[in-house]
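Trainee: I would like the atomic coordinates for the input below:
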Amino acid sequence: MALIRELNGKTPQIGDDTFLAETATVIGDVQMGAQCSIWYNAVLRGDVNYIKMGNKVNIQDNVMVHCTYLKSPTNIGNNVSIGHNAIIHGCTIQDNVLIGMGAIVMDDCVVESNAIVAAGAVVTQGTHIKAGELWAGVPAKRIREVSMELIEGEINRIANNYVKYSSWYKED
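Mentor: Numbering: from 1, shown residues only. Got it, this is the predicted structure:
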């Protein structure tokens, strides 16, 4: 069973039809919507500020989601996929976003809707990624616009697949 821990009077709020892997850790001021999935060894640490997630968010294996004390909470919209080993820290990720494997999104960044942060990218503090942009590199830079094919074939496909994958793990 996942570690779900109250801290400083704040208890995580888990949305309906959500999957939490046995080794997932969710601590403190964390709120998530419906149909989310938190995978193996992922950590959502709402100890120093809040973490809010919408519906149909998948936090894949080994992801760390955290914040900055009294300064930068983490807000994640709907239909968001955060790839294996990513770090999401004190930032805002809007709806329909794909954060690639091993990417880092730092404090006070904003990733607008229908954007993609490529695998391994480092989005430095305060960066603003506009709607429909693809960013990659270290430090991350704008590469091009996200096509409708990428929105349907990657952003939506991955989010929908993770709802399906999580159903395989849920008890009847």
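Trainee: now Gly46: which helix or strand?
Mentor: Gly46 is located in strand 43-53, with elements delineated by DSSP states H and E.
Trainee: for Ala118, what are its contacts?
Mentor: Applying C-beta atoms under 8 Å, 6 or more residues apart in numbering, we find Ala118 in contact with Gly100, Ala103, Leu134, Trp135, Ala136, Gly137, Ala140, Ile143. All C-beta spots, glycine's among them, are computed from the backbone N, C-alpha and C.
Trainee: could you redo the last one with a cut-off of 10 Å?
Mentor: 83, 98-103, 134-137, 140, 143 (C-beta atoms under 10 Å, 6 or more residues apart in numbering).
Trainee: buried among those? Need that as a selection in ChimeraX.
Mentor: Those of these that count as buried under 16 or more other C-beta atoms under 10 Å are selected in ChimeraX with:
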select :83,98,99,100,101,102,103,134,135,136,140
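Trainee: give me the buried positions along the biggest helix by length in the chain.
Mentor: The longest helix of the chain (DSSP state H) is helix 157-169. Going by neighbour count (16+ other C-beta under 10 Å), the buried part of helix 157-169 is Ile158, Ala159, Tyr162, Val163, Ser166.
Trainee: using a markdown table, please lay out those together with distance to Val63.
Mentor: Listed next are the buried residues of helix 157-169 as a markdown table, based on distance: C-beta to C-beta, whole Å:
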| residue | distance to Val63 |
| --- | --- |
| Ile158 | 14 |
| Ala159 | 15 |
| Tyr162 | 12 |
| Val163 | 17 |
| Ser166 | 15 |
